[in-house]
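1. Take this sequence and fold it.
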Amino acid sequence: MSNLKFNSSIILNNCQPFVLLERINFSKKNIIESLKDVYLITLASNKSDTKQDELNNNNNLNLKNDGDSEISSQPLLPDFCSYDKKCYRCKECKFSSKYKGSSKTHIMNHLGQKRYKCAECNFTSLYLTSINNHIRSFHSKERPYKCSDCEYTCVQASSLTYHIKSVHEKVRTFKCAHCKFATIRFFSLKIHIETVHLKKRPFKCPHCPHASGLLGNLKIHIKKIHTKE
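-> Below you'll find the model as predicted:
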């Protein structure tokens, strides 16, 4: 878990203000207080008990101090940077954003926080949209996006776009240098090289010596081989 704090000092760079997210040594009890809340998302409404606007408008992150670290109590810059630049930058990685709300969400990701929880199961997520997509996929079985060329349906618009480009338009942007494999996604090419050519098997079965290059394949293995035991 990364140890971070918000520092509200401003650096002028071509008249553009920057809020820096700096590293600091926090103990576990010095975690960001406002990130502890978990909002249940129900199947009926697909909405949380707390409005999203209220979360976005919660401008100040309340930090606990055990005396080991100096923590700024000053408010951050406004929610929106009017300079049309990505004013909020993270020192932990290359992330930058024009919006403070996005920066807060990014920090939660560093801290491993999951603000939203599905009311139907144990699935949790940092993003409300992920919870809604989860509910559509596994609980409501809703598939609002439909392909005009076949019977394919999906939960997300991005999935439909990928389906059309890969299945119907045969787009293959990324090509393997070692074989004829080609794909529309760079991540798929990366997985292909690691599993096929480098023979990496990072996902190991807890029940037997079997190992897989993909988590999904390991789950299939466990379901087929070990669930009947």
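
2. Let me know how buried the residue nearest to residue 128 when sequence neighbours are not counted is, in neighbour terms.
-> Take residue 128 and drop its neighbours on the chain: the residue closest to it by C-beta to C-beta, 6 or more residues apart in numbering is residue 116, 5.6 Å away. To be clear about C-beta, it is placed using only N, CA and C from the backbone, and glycine gets the same treatment. Residue 116: 23 surrounding residues under other C-beta atoms under 10 Å.

3. same check, this time on residue 96
-> 15.

4. So it sits against residue 89, correct?
-> Yes. The pair residue 96 / residue 89 is scored as a contact, 4.5 Å apart, by C-beta atoms under 8 Å.

5. before we move on, back to that, the residue nearest to residue 128 against residue 129, yeah?
-> No. Taking contacts as C-beta under 8 Å, residue 116 lies outside contact range of residue 129: 9.5 Å.

6. can you pull out the helices in this protein?
-> Using DSSP state H, the helices of the chain run over 52-56, 100-111, 128-138, 157-163, 186-192, 215-221.

7. Indicate which one of those is closest to residue 170.
-> For residue 170, the closest of these is helix 157-163, at 12.0 Å, according to C-beta to C-beta.

8. C-alpha coordinates for that closest one, CSV please?
-> Presented in CSV, the C-alpha positions along helix 157-163 are these (Å, rounded to 0.1, in the frame of the first residue of the first chain):
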residue,chain,number,x,y,z
ALA,A,157,-20.3,0.2,-25.4
SER,A,158,-16.5,-0.3,-25.5
SER,A,159,-17.1,-4.1,-25.7
LEU,A,160,-19.4,-3.6,-28.6
THR,A,161,-16.8,-1.4,-30.4
TYR,A,162,-14.1,-4.1,-29.8
HIS,A,163,-16.5,-6.8,-31.1
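
9. That one - contacts with which helices or strands?
-> strand 145-146 (3 or more C-beta pairs under 8 Å, 6 or more residues apart in numbering; DSSP states H and E).

10. Quick one: list the elements packing against the strand it packs on.
-> Looks like strand 145-146 contacts strand 153-154, helix 157-163 (3+ C-beta pairs under 8 Å, 6+ apart).

11. just the ones you listed: most buried one?
-> Across these, averaging neighbours per residue (mean count of other C-beta atoms under 10 Å) puts strand 153-154 on top, at a mean of 16.

12. For that one, give me every contacting residue.
-> 143, 145-147, 160, 163 (C-beta atoms under 8 Å, 6 or more residues apart in numbering).

13. With pLDDT and distance to residue 226 as new columns, can those residues be given to me in a markdown table?
-> Compiled in a markdown table, the contacts of strand 153-154 are given as follows (pLDDT from 0 to 100; distance: C-beta to C-beta, whole Å):
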| residue | pLDDT | distance to residue 226 |
| --- | --- | --- |
| 143 | 83 | 31 |
| 145 | 89 | 35 |
| 146 | 92 | 37 |
| 147 | 92 | 36 |
| 160 | 90 | 35 |
| 163 | 90 | 32 |
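
14. Out of those residues, the closest to residue 199 would be?
-> Using C-beta to C-beta, residue 163 comes nearest to residue 199 of the contacts of strand 153-154, at 29.9 Å.

15. Next up, the contacts around that closest one.
-> Residue 163 makes contact with 147, 152, 154 under the criterion C-beta under 8 Å, 6+ apart.
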